[in-house]
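Chemist: one predicted model, sequence on top.
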Amino acid sequence: MAYTTINKSSDFFNALLWSGNGSDNRVISGVGFQPDWIWWKQRTGTNGHGVIDAVRGTSGTNYTLATNNTSAEFDWSSIFKNIQSDGYTVGTDSAINQSGQTYVGWNWKANGAGSSNTDGSINTTYTSVNTTAGFSISKYTGNGTGGATIGHGLGSVPHMYIVKRLDAGSSNWHVYHQSIGATKGLKLNLTNAESTSDIWQDTAPTSSVFSLGSSVDVNASGGTYIAYCFAEKTGYSKFGSYTGNGNADGTFVYTGFKPAFVIIKQSSGSGTSWNIWDNKRLGYNTKNYQLEANTTGVENTSLERLLITSNGFKCITDNAQINGSGNTYIYMCFGQSLVGSNNVPCTAR
């Protein structure tokens, strides 16, 4: 019996590694599909994170954001040239192609530039949606009114979404996660704990819309915004929480698939980062290297903290970043079916 409708998860998410060579108009290929959301980081240096998506531009003008700061989007078209059918073309900048440095790109497939969604009280400028993978990208202009709604196009209730203002600096990356609910929020660019907030108007999302308060970070009148929304898909994506046990023989989290990308953040306390792992850097137990979404720090190659298994992940540290005793953590995970509809089983590494 088929476990999921997704035969090959790498058709919808894939991590890609490259070494910089400093040449202009360089094509980085091997994604396996035309990516619509690209998030990259220099691994061996302290250049910040970069975020590009097809809704905000794929060629000519490419507007970039950075998860590690509050800056408005900026035109980086001379550095990130365009999105291609199997990757992207880049320039010479050290943040993406410095000779002697290494990089990682995390890539998701939506549906190109998209079109306006009119399900909410605010019509989106564009919504690019992939209902099979449970992922959409929406650009909208705020109206400054609490209780406004935005159509996400997923056709099912999103389990997580990330919203960033585009046209003004000093605006945080706001995160909704089903495990903490709509009365609270987290910030992707900070180490803060979850906090009570009316960012989401204390209103849970539906299968068609999510709600906004009147905060200028998510809904200033005339402000422009981007929203990345995720619905859970059995065998491919999981958005949940767990409690740390403070032991090197740590908590095991069942996802039902072999993770290819994991973000973990302590939600119950402050001072911990948004920790990122994937199956490519180096990509085998126990050498799963760590990056942090909220910092410009180099890849951590010295700490062994996470095991990736055929059906989930296991903490192998008592460190408060992911496994402090009694602490609550939220996670975001994409991967590969335990048994896909092509009946090919996954195995541990």
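Modeler: Yep, that arrived.

Chemist: just give the nearest non-adjacent residue to N285, would you?
Modeler: In space, and not counting its chain neighbours, N285 is closest to L307: 4.9 Å by Cβ to Cβ, 6 or more residues apart in numbering. (C-beta placed from N, C-alpha, C; glycine too.)

Chemist: the stretch of helix or strand that neighbour belongs to pairs with which strands, and in what direction?
Modeler: Per DSSP states H and E, L307 falls inside strand 306-309. With DSSP bridges as the test, strand 306-309 is paired with strand 312-315 (antiparallel).

Chemist: ok, and what's touching the partner strand?
Modeler: Contact partners of strand 312-315, identified using Cβ atoms under 8 Å, 6 or more residues apart in numbering, comprise 244, 250-256, 259, 262, 277, 305-307, 322-323, 333.

Chemist: how about stretch 80-91?
Modeler: 16, 24-36, 38, 50, 52, 54, 58-60, 62, 64, 78-79, 96-97, 105.

Chemist: report the contact partners of M160.
Modeler: With Cβ under 8 Å, 6+ apart, M160 has these contacts: 175-178, 229-230, 239, 332.

Chemist: the residues you listed in strands, which ones?
Modeler: The strands, defined by DSSP state E, take in 175-177, 229-230, 239, 332 from those.

Chemist: quick one on the thing from earlier: of the contacts of M160, which is the nearest to W200?
Modeler: Nearest to W200 among the contacts of M160 is Y176, at 5.6 Å by Cβ to Cβ.

Chemist: number of nearby residues for the closest one?
Modeler: Other residues lying near Y176 total 27 when counted by other Cβ atoms under 10 Å.

Chemist: what bridges to the residue nearest to it when sequence neighbours are not counted?
Modeler: Spatial nearest neighbour of Y176, chain neighbours left out: Y161 (5.0 Å); criterion: Cβ to Cβ, 6+ apart. Beta bridges link Y161 to Y176, C229 when assigned by DSSP bridges.

Chemist: from G50, how far off is Y161?
Modeler: 20 Å (Cβ to Cβ, to the nearest Å).

Chemist: now T124
Modeler: The gap separating T124 from G50 is 23 Å, by Cβ to Cβ.

Chemist: again, but for N7
Modeler: Taking Cβ to Cβ, one finds N7 at 30 Å from G50.

Chemist: between the two, who's got more neighbours?
Modeler: Neighbour tally, N7 and G50, criterion other Cβ under 10 Å: the higher count belongs to G50, 25 against 13.

Chemist: phi, psi for the more buried one please.
Modeler: With angles defined as degrees, to the nearest 10, G50 sits at phi -130, psi 140.

Chemist: which residues does it contact?
Modeler: Applying Cβ under 8 Å, 6+ apart, we find G50 in contact with 38-41, 64-66, 76, 80, 95-96.

Chemist: of those residues, which is the nearest to N285?
Modeler: Using Cβ to Cβ, K41 is the member of the contacts of G50 that sits closest to N285, with 21.8 Å.

Chemist: and for the nearest residue to the closest one once chain neighbours are set aside, the neighbour number?
Modeler: In space, and not counting its chain neighbours, K41 is closest to H49: 5.0 Å by Cβ to Cβ, 6+ apart. H49: 25 surrounding residues under other Cβ under 10 Å.

Chemist: correct me if wrong: N247 contacts G324.
Modeler: No: applying Cβ atoms under 8 Å as the test, N247 and G324 come out as separate, 10.3 Å apart.

Chemist: what lines up beside the lowest-mean-pLDDT helix or strand in the chain in the sheet?
Modeler: Every helix and strand of the chain was ranked by mean pLDDT, DSSP states H and E. The lowest is strand 282-284, at a mean of 78. Strand 282-284 pairs in its sheet with strand 287-288 (antiparallel), by DSSP bridges.
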